[in-house]
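1. sequence and computational prediction follow.
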There are 2 protein chains.
Amino acid sequence: MRSVCVVGLGLIGGSVLRAAAAAGRVTWGATASTADAEAARQDGHDVLDLASALDRAHSEDALVVVAVPLPAVEEVLRALPANVRLTDVVSVKGPVADLVRRVAPHARYVGGHPMAGTSSSGWTAGRADLFHDAAWVVTTEDDADRDVLTDVVDLALAAKAHVVPTTATEHDAAVARISHLPHLLAAVLASVGADGGPLALSLAAGSFGDGTRVAGSRPELVRAMCEGNRGALLDAVDDALGRLGAARGSLASTGGLAKTIEAGHAARRALVDKPTLTDLTIDLTAPDAPRTLRDLGARGGRIVALNGTTALALTP
Amino acid sequence: MRSVCVVGLGLIGGSVLRAAAAAGRVTWGATASTADAEAARQDGHDVLDLASALDRAHSEDALVVVAVPLPAVEEVLRALPANVRLTDVVSVKGPVADLVRRVAPHARYVGGHPMAGTSSSGWTAGRADLFHDAAWVVTTEDDADRDVLTDVVDLALAAKAHVVPTTATEHDAAVARISHLPHLLAAVLASVGADGGPLALSLAAGSFGDGTRVAGSRPELVRAMCEGNRGALLDAVDDALGRLGAARGSLASTGGLAKTIEAGHAARRALVDKPTLTDLTIDLTAPDAPRTLRDLGARGGRIVALNGTTALALTP
């Protein structure tokens, strides 16, 4: 079982470290936060300084997991030993891949993004089971290192997540729609509600509470996430503006909202009514494995187990 | 204790009938739905035809509660006996008040709207405790009949709701922001997510699930609610379009979303961090009581008890 070195021990990194340790891996970590380091040590984990942690990763041929915010990634990449097995858990994948190409082209990098989190942060907010039943995106570009691809899939499955393979670009476009735009719309809705004054807020019930919940997340984290995915988020915002503008036009001209409401209802059903899935095995060493994996992800499929280098997948 | 006649025995009307009966009132109902009538009778309630129910309301000087969808309100109003004590639980107040003025100007009408519901409908979806701790809007125009105003406040408190007094116009503006716009944005968000295909939906987690939840409600109910509040909803949509457009412009030009995200966070905190409340008593028979009550509602205050014709309120 591949050893795991986690750099950054906040909510996500701290949960990766716990999950890997719980799965029986040899694990250690590093963090720039004294508070996170102390808390992790008190919980019995091995926390080193960055240079020592990466040295050990080199000598034990471990998988290094970068779990720091996007602005701090470059500094970690500059400290990497040569040819290291590398993944990350940052919420955008294109910018991280660009940084790796520019700063650490020698690294054997396969990107990752576990789709889990809470509005809390720091080591103490983390849990070994944070990723249970969550999607863990693994980027599978054509030139992906197959060994490291297998390592990353194996780590995600060890954390009891399932793996959704796709490209960095497609990941960023998708999360703009299902994570970053929801945060932006929650902020807009909260402000429009508050524009109605204390009366409006005193009448708020289920729909407003649900629609604004993530506006309670820490603004600096939401900003970093949304601003870090600028291009893809602009596309998603334009789609939303177009649809909301069309609803406005229809309401003003005909008084009707049928198209908007019915399309939204159908889309929500597509989210909730899961399709029937069938089994599929994929040989991760096959020449066309990256494309086969990406096709799986594009269909809404996922990897749920690994037997050596053979992935067991479920596909709609 | 005032007897209660409920016309319309769906989710809301059926819950009003149950709550009033549970509070010890003499109650009976009427409904155009054979299924709701049979189910209510099986649960031990008295269900009459509309004419008989209204005759009985006249002879017992009961409070009539109109709990039918907006398009069916006019027919009920036309059947009312003269000088009846009248309220309603329809989700828009301006259009109902207009109908009463036009069709039943003799009725002693004070509008109401309990801010509770589920995505289910019909008698069987109702519950006696549906309104516990919910806001129940009571319209308090200057010419409000004080006797009926007291009846409606009393009924809402009997259902264990608290009363938020305001005008029909201000109610409709507020619910456009905190109920109708959330439904519209949920529909837009669900569609933008689905536009990302099966990959995007397979990555959807908390923020998308929360933000699209009410898009799962029955489309015909959502349409009736939103389309029935056209003018106020247009204002709320324009506010949302302006704020989302400003976010788009800022993201495109500077890459930053600070203003949008921080305003949304502050607004969400204003919703969640309830202010300290102080006691206030209001004499419902005082000449300026309607204005005093409306001021209370505008500040985010509410009536929580009634002692004769004296209301005990909590105000920020």
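-> Noted; the coordinates are in hand. Residues are numbered from 1 along each chain as shown, chains lettered A, B, ... in the order given.

2. may I see the buried residues of the helix or strand hosting A:Gly245?
-> Element membership for A:Gly245 (DSSP states H and E) is helix A:230-253. Buried residues in helix A:230-253, counted by 16 or more other Cβ atoms under 10 Å in any protein chain shown: A:230, A:232-233, A:235-237, A:239-241, A:243-244, A:247-248, A:250-251. All C-beta atoms are positioned from the backbone trio N, CA, C, and that covers glycine.

3. skip ahead from it and say which helix or strand is next.
-> helix A:258-272.

4. neighbours of the residue in the stretch 1-150 of chain A that chain B sits nearest to, how many?
-> Relative to chain B, the nearest point of the stretch 1-150 of chain A is A:Met115 (4.8 Å; Cβ to the nearest Cβ). The number of residues packed near A:Met115 is 22, by other Cβ atoms under 10 Å in any protein chain shown.

5. and it, what does it touch?
-> A:134-137, A:175, A:179, B:203, B:205 (Cβ atoms under 8 Å, 6 or more residues apart in numbering or on different chains).

6. same question for A:Pro219.
-> B:258, B:261-262, B:265.

7. show me how the record splits chain A into domains.
-> For chain A, automatic domain parsing gives the domain ranges A:4-166, A:172-272.

8. want to throw the ones you listed into TSV with mean pLDDT and distance to B:Val214?
-> Below are these laid out as TSV (pLDDT from 0 to 100; distance: least, Cβ to Cβ, whole Å):
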stretch	mean pLDDT	distance to B:Val214
domain A:4-166	96	21
domain A:172-272	96	5
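
9. now tabulate these in JSON lines and tack on distance to B:Val92.
-> Formatted as JSON lines, the domains of chain A follow (distance: least, Cβ to Cβ, whole Å):
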{"stretch": "domain A:4-166", "distance to B:Val92": "34"}
{"stretch": "domain A:172-272", "distance to B:Val92": "13"}
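
10. chain B contacts on the stretch 1-150 of chain A?
-> Within the stretch 1-150 of chain A, the residues that sit near chain B (Cβ under 8 Å from any Cβ of the partner chain) are A:115-117, A:134-135, A:137.

11. among the residues you listed, which are in helices?
-> Assignment to helices by DSSP state H places none of the residues of the stretch 1-150 of chain A next to chain B there.

12. by neighbours, which of these wins?
-> A:Val137 (30 neighbours).

13. contact partners for that residue?
-> Counting by Cβ under 8 Å, 6+ apart, A:Val137 touches A:93, A:111-115, A:163-166, A:171, A:297, B:203.

14. could you redo the last one with a cut-off of 7 Å?
-> By Cβ atoms under 7 Å, 6 or more residues apart in numbering or on different chains, the residues touching A:Val137 are A:112-113, A:115, A:164, A:166, A:171, B:203.

15. roughly how far does it sit from B:Thr87?
-> 53 Å (Cβ to Cβ, to the nearest Å).

16. what do you get for A:Leu277?
-> For A:Leu277, the distance to B:Thr87 - Cβ to Cβ - is 51 Å.

17. also A:Leu70?
-> A:Leu70 is 56 Å from B:Thr87, by Cβ to Cβ.

18. tell me which element the closest residue to chain B within the stretch 51-200 of chain A falls in.
-> Closest residue of the stretch 51-200 of chain A to chain B, Cβ to the nearest Cβ: A:Ala187 (2.5 Å). Using DSSP H and E, A:Ala187 maps to helix A:181-195.

19. which elements pack onto that helix?
-> Contacts defined by 3 or more Cβ pairs under 7 Å, 6 or more residues apart in numbering or on different chains; DSSP states H and E place helix A:181-195 against helix A:197-203, helix A:206-212, helix A:219-227, helix A:230-253, helix B:181-195, helix B:206-212, helix B:230-253, helix B:258-272.
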